[in-house]
Every structure is written in structure tokens, then in C-alpha cells.
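In: the following comprises the amino acid sequence and a computationally predicted model.
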Amino acid sequence: MAWKSRIHPRTAAIPAIAIMLAIAALTLWQVSNFSLSPAESKEVIAGIFIALASGLLSLGYILLRGLSEDQKTMIYRYLMIGLVSATVLILAFGIAAGSMSRDHSVAWGNLIWYGLGLTMLIIVVLILSTTSIRDALGDSGVEKIGLGLKRGKKIWGQYRQNKAGMFALIVFIIILIISIIGPSIAPENPLALPEVGDVTEIPQPPSNEHIFGTDYKSKDVWSQFLYGARTSLIVGFLAGLISLVIGTLIGLSAGYYGRATDEVLMRLTDFFLVIPWFPLMIVLVAILGRSLWIVIFVIGIVSWSPTARVVRAAVLSIKEKQYIERSRALGANNWHIIRRHIFPNVFPLIVATSILLVGEAIFSEAFLDFFGLGDPSVVSWGWMLERAHDGSAMVYNYWWWILPPGVGIILVVMCFYLIGDTLDEILNPRLKRR
């Protein structure tokens, strides 16, 4: 017999969520107001990321196993997976941070407290939320989720057969981990002022103290690479999301409504397709400013036009199907048809396109930074290349200064292209027949 809680899950979830939000707010306040030392802040932030990762692993495992299990088994698996993954991640981060930091010190207390403590809170919220969702959905809702998970497993099985796609996914996961924990394990802050007497005008090659060497201001290139990975991925994901949303909305509207709406939106799309993207970004950045958020916004609003074209073409084909005409005959309005029939069929194409957009956005940000149009107060791979160019790294063959950011940009763009191409072949079977 399945175990039933005496407290309603929706009621019990409220204090758990409130406690979790309070601890997160207190942590951010302490870090932002420098109530913690730099070492302590590093472990606190790492603990938060570890807790989130452990919670996601627990939730992912439960979803893959299905929601039809009894609550005792579900709670046991949540606790075991969450605590084991949090412990492993804490040990891995502690060992890595201790070996890479100059003083080999790690604030284990903060790391364990925030890593395990927040993991427990997240697991409690997940247990209560999962129970509430299962009770609200009922048997039919759980069956629909099960069908969706089966389709996801099928897609994953097809994806694993593509060697190039798997290689790109593994490399991307490694880069993603570096971007998450990188600034926490970096030997130094690239933007901090160097201590008196530590500055040398000549960049130093890789050594035991600086595994990627230093630049002309004696700043550690490895630290710059770790910081830049996070910035480049943030720009890529956010700018790609902006571009995806704009392109999808314009493509859906133009393809479905047609006539004057299609004509106006497609002429706007043609304008952004024809005009050179780099001069347009230069003008917009010069007018709006050079902050990181402005750069993300500019990249997003400049690169949406190919997505709009692709989505419009798919909508024009789908809206002529018989089930669309039957839905109209039954009295369905335009919003219902777009939401229930058009968008679900276009969604696989949107997923593949969105992954390609992230790679393009990362390259665009590096391009802007290299020409001195990025945010000078934020470290990114493009920022590193721009400093290397200013320091005549190519002239004097300071390869250790150029190679890390260049290889990082090439790997990330290549990974997103291969992942997007693999998903496009799986989600759009017509490409296989070609």
C-alpha cells in the first residue's frame, strides 16, 4: 500500500520553498556585501551550484523512472541520489579547488553546509512538488508524461548512435562544468589589481605556478579562461534565447495569418537578412552602450531573421493539413490552433535551430570584444583575444595567450553546430531521406 502523508503536499511545500528562498537571499546578501571572505564566498557559491545540480539529477532520475511509483520508493530514491551526488560533487570540488588555489585552502565547512543543506531543502521541495503534480494530473496526466518520456528515451537512443553528436555533447558538458565552477577554482581574479612588485612587462610562458602562462600585466591566463567560459556561455544562451523568441513569434504570425501580416513581417525579416550584421551591431552598440546586457540584447535582435524564415516555411506547410481545417470547423480560435496544433509540430525544428543560434551568438560576442566593442569590465574569451592583440601576442609569438580563448571559441561553436545538426536529423526525418 502506498504511503500517504497526513499533511497536504501543497500546504507543506509553502514553508519549504519559503525557507529555501530565505537562505538563498541571505547567501546572496552576504556575498554581495562582502560579509564573507573571498575564499568563503567561493565555497558558498559552489555549494549552491552543487545543491542545484544534485536536485536536478534526482528529479531527472525520478522522471526517467516514471511517476507511478509509491511515495516511499520515490522519497528513498530522491534522498539517495541527491545526497550521494552532492557528496561526490563536494569532494571533487574541494580536491580541485585545493589543488589549484595558491594557498591550497578550502572552506570545507561552508562547502558542506551549503552543498548538503541546500540539497536537503531542494529534495524536500521536489518530493512535495512531485506529489502535488501527480495528484493534480491524475492517471491520464501521468500516462501522457510517460509517453513523452518514452519519446525522449527514443530520441536519446538515436542520438547516442551519432558519434559526432556524442563527442560534441561530452565536450560541451565539460565546458559547461568549467563555466559553472571555473571562477570558484580560478587561482586569481583577472580584473583584480596586481600586487606591487608582481608586474612584469613581458608575458611569461606556462609554468608550474601559471599553467597557461601570464599576460603583459602578469595576470594568469588560466584564470581568464575560466572566467571567460562562463561569460561566453551566458551571452550565447541569453542572446540565442532572445533571437529564438523573436524569430519564432514572427515566423508563427507570418506563416499562420498570411496576407498583410505576412507581407509586413517578411519585409522586415528581409531587411535584417540583407543588411550586414556586423556593421549593424557596431551602430547599435555605439548608440546603446557597451555593457554586457546591451551586447546580449544587440546580438539577439540582429540574429533572429533566419529563424523566422525557417519557422514560417514550416507553418505554411502545417496549416494546410486536414486536422487544422477540422479544428477550425469545430469552432477553435486562432490561439487554440497555434498553441495546440501548429507550435507542437514546429517545436522540434525550433529546438534544433535554437542550439545553432547559441553558437552564433558566442562567436558574435567574441567578434565584438575582439574589436573593442564589448564590455571592458567583464572577462570573456573575446576580451582575452582583444587584450592579446593589443599586447602584440601574434607579433612576439605569445601562443599561450592566444591559444586558450581561440580553441575555446572554436570548440564551443563546433559543439553547438554538431549537436544542433544531430538533433535536426533526428527530429526532422526528411533530412535523412535527402
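Out: Arrived safely, thanks for sending.
In: off-centre distance for the helix or strand hosting Arg326?
Out: Arg326 is part of helix 322-329 when elements are defined by DSSP states H and E. When distances are taken as C-alpha atoms, centre = their mean, to the nearest Å, helix 322-329 is centred 38 Å away from the chain's centroid.
In: dump it to PDB, restricted to CA.
Out: This file holds the C-alpha atoms of helix 322-329, laid out as PDB (Å, rounded to 0.1, in the frame of the first residue of the first chain):
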ATOM      1  CA  GLN A 322      -6.700  18.400 -42.700                       C
ATOM      2  CA  TYR A 323      -6.800  18.300 -38.900                       C
ATOM      3  CA  ILE A 324      -6.300  22.100 -38.900                       C
ATOM      4  CA  GLU A 325      -9.300  22.500 -41.100                       C
ATOM      5  CA  ARG A 326     -11.300  20.200 -38.900                       C
ATOM      6  CA  SER A 327     -10.300  22.100 -35.800                       C
ATOM      7  CA  ARG A 328     -11.500  25.400 -37.400                       C
ATOM      8  CA  ALA A 329     -14.800  23.700 -38.400                       C
END
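In: can you list the low-confidence ranges for the protein?
Out: For the chain, the stretches flagged by pLDDT under 70 are 1-45, 55, 59-78, 94-111, 113-114, 121, 124-149, 193-201, 429-434.
In: helix or strand right after the helix holding Arg326?
Out: Next along from helix 322-329, by DSSP H and E: helix 334-337.
In: ok so, going back, check which residues of the helix holding Arg326 are buried.
Out: Neighbour-count burial for helix 322-329, counted by 16 or more other C-beta atoms under 10 Å, picks out 324, 327. Every residue, glycine included, has its C-beta placed from N, CA and C.
In: helices or strands next to it in the packing?
Out: Packed against helix 322-329, as judged by 3 or more C-beta pairs under 8 Å, 6 or more residues apart in numbering; DSSP states H and E, are the following elements: helix 334-337.
In: I'd like the distance from the helix it packs on to the chain centre, please.
Out: Taking mean C-alpha positions (C-alpha atoms, centre = their mean), helix 334-337 and its chain are 31 Å apart.
In: sorry, back to before: who's in contact with the helix holding Arg326?
Out: Residues from elsewhere that reach helix 322-329, judged by C-beta atoms under 8 Å, 6 or more residues apart in numbering: 318, 336-337, 340-342.
In: try 6 Å
Out: With C-beta atoms under 6 Å, 6 or more residues apart in numbering as the test, helix 322-329 has contacts from 337, 341.
In: go on, stretch 293-311?
Out: Contacts of stretch 293-311 (C-beta under 6 Å, 6+ apart): 235, 238-239, 242-243, 246-248, 250-251, 269, 272-273, 277, 280-281, 284-285, 288, 346, 353, 360-361, 364, 374.
In: now it: buried residues?
Out: 294-311.
In: span of that stretch from start to end?
Out: Stretch 293-311 has an end-to-end distance of 27 Å (C-alpha to C-alpha, to the nearest Å).
In: same thing with stretch 333-349?
Out: OK, stretch 333-349 end separation, C-alpha to C-alpha: 24 Å.
In: next, the buried residues of it.
Out: Under the neighbour-count criterion of 16+ other C-beta under 10 Å, stretch 333-349 has 337-338, 341-343, 346, 348-349 buried.
In: how far does that stretch sit from the chain's center?
Out: 25 Å.
In: could you measure Val264 against Ile181, distance?
Out: Val264 sits 47 Å away from Ile181, going by C-beta to C-beta, to the nearest Å.
In: so these two - more neighbours on which side?
Out: Taking other C-beta atoms under 10 Å, Val264 and Ile181 do not tie; Ile181 has more neighbours (23 against 12).
In: all helices of the stretch 301-434 of the chain, in order?
Out: In the stretch 301-434 of the chain, the helices defined using DSSP state H, counting those that start in this stretch lie at 305-318, 322-329, 334-337, 343-370, 381-390, 393-396, 399-427, 430-433.
In: roughly how far is the first one from the heart of the chain?
Out: Averaging C-alpha positions (C-alpha atoms, centre = their mean) puts helix 305-318 25 Å from its chain's average.
In: mind starting the numbering at 12 from now?
Out: Sounds good: first residue 12 from here, last item helix 316-329.
In: just to check, Gly419 is in contact with Trp392?
Out: Yes. Gly419 lies in contact with Trp392 (C-beta atoms under 6 Å); the separation is 5.1 Å.
In: what are the buried residues along stretch 393-410?
Out: Buried-residue list, stretch 393-410, by 16+ other C-beta under 10 Å: 393-400, 402, 404, 409.
In: cool, stretch 407-423 as well?
Out: 409, 411-417, 419-420, 423.
In: run a quick neighbour tally on the residue nearest to Leu94 when sequence neighbours are not counted.
Out: In space, and not counting its chain neighbours, Leu94 is closest to Thr130: 6.7 Å by C-beta to C-beta, 6 or more residues apart in numbering. Counted by other C-beta under 10 Å, the residues lying close to Thr130 total 26.
In: in this structure Thr130 contacts Ser65, no?
Out: Yes. Here Thr130 reaches Ser65: they are 4.6 Å apart, a contact under C-beta under 6 Å.
In: neighbours of Lys164, how many?
Out: If we define neighbours as other C-beta under 10 Å, then Lys164 has 11 of them.
In: got it, and the one 10 residues further on?
Out: Each residue near Lys174 was counted by other C-beta under 10 Å, and the total is 10.
In: point me to the residue sitting farthest from the middle of the protein.
Out: Most distant residue from the mean C-alpha position of the chain: Ala340, 41.8 Å away (C-alpha atoms, centre = their mean).
In: what's the spacing between that residue and Ile305?
Out: 48 Å.
In: related to what we said a few turns ago, CSV please, covering the helices of the stretch 312-445 of the chain and showing distance to Ile123.
Out: Listed next are those as CSV, based on distance: least, C-beta to C-beta, whole Å:
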stretch, distance to Ile123
helix 316-329, 45
helix 333-340, 56
helix 345-348, 50
helix 354-381, 34
helix 392-401, 33
helix 404-407, 42
helix 410-438, 32
helix 441-444, 49
